[in-house]
Every structure is written in C-alpha cells, then in structure tokens.
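>>> the following comprises the amino acid sequence and a computationally predicted model.
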Amino acid sequence: MDHRGAGHSTCLKYEKTKPTVSNAIDPADLDPEQVPACTKELEAKYGDLAAFSTTSAAMDLATDYGNDASMTVYGTGYGSL
C-alpha cells in the first residue's frame with residue numbers, strides 16, 4: 001500500500017524537475033527559488049497540500065483497516081509501509 005503522495009498513489013510531482021526512474025527527487029535537482037512556483041502549481045492541481053501529510057497517511061491506515069483488524073505497521077522512511 002502506497003499512501004498519498006508516494007509510490008503508485010497520487011504522486012506529488014513538480015513537472016519542471018528532472019524525471020527520475022524512482023520518481024524520487026534528488027536534492028541536487030532542486031532550486032530553492034522554484035519552491036514557491038512548485039507549491040503554487042501543486043496546490044492548483046491538488047488543492048490543500050496538507051492532505052499529503054504523515055497525519056493524513058496515518059488516518060488513511062486507520063480508515064482502511066479500522067478498529068477490528070489486527071495489524072503491524074512498519075516504516076523505514078516517508079512513503080514506506
């Protein structure tokens with residue numbers, strides 16, 4: 001399961017960065033001056049970017065699996081479950 005903004009779910013991708021095989025962004029490809037334009041583009045496309053947060057991902061898990069399911073969640077970094 002890939003949560004919002006990661007993997008095969010809705011990936012937040014700023015079109016002006018160099019594409020990579022993994023869709024991960026290499027910090028060397030980022031220009032800090034592009035951040036406002038990137039934010040504006042992503043907000044226009046997806047709305048409030050707060051929906052793509054760790055808190056939202058945790059809420060998705062709680063909603064998908066509910067209180068009746070037994071589960072173990074293991075994460076090694078943002079975007080992994």
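Sure, I can see it.

>>> where does this protein dip in pLDDT?
Along the chain, the parts satisfying pLDDT under 70 run over 1-8, 17-27, 29-30, 66-67, 69, 73-81.

>>> what segments of it are helices?
Counting by DSSP state H, the segments of the chain that form helices are 35-46, 54-65.

>>> save those as CSV, and put in mean neighbour count too.
For the C-beta atoms, the positions are set from N, CA and C on the backbone; glycine is no exception. Supplementary listing: the helices of the chain in CSV, determined by neighbours: other Cβ atoms under 10 Å:
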stretch, mean neighbour count
helix 35-46, 12
helix 54-65, 13
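
>>> mind putting these into JSON lines with distance to Leu12?
Listed next are the helices of the chain as JSON lines, based on distance: least, Cβ to Cβ, whole Å:
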{"stretch": "helix 35-46", "distance to Leu12": "6"}
{"stretch": "helix 54-65", "distance to Leu12": "12"}
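
>>> among the ones you listed, which comes closest to Ser9?
Nearest of the helices of the chain to Ser9, taken as Cβ to Cβ: helix 54-65 at 9.4 Å.

>>> name the residues that touch stretch 35-48?
Here stretch 35-48 makes contact (Cβ atoms under 8 Å, 6 or more residues apart in numbering) with Thr10, Leu12, Tyr14, Glu15, Lys16, Leu49, Phe52.

>>> hmm, which of the residues you listed are the buried ones?
Leu12, Tyr14, Phe52 (16 or more other Cβ atoms under 10 Å).
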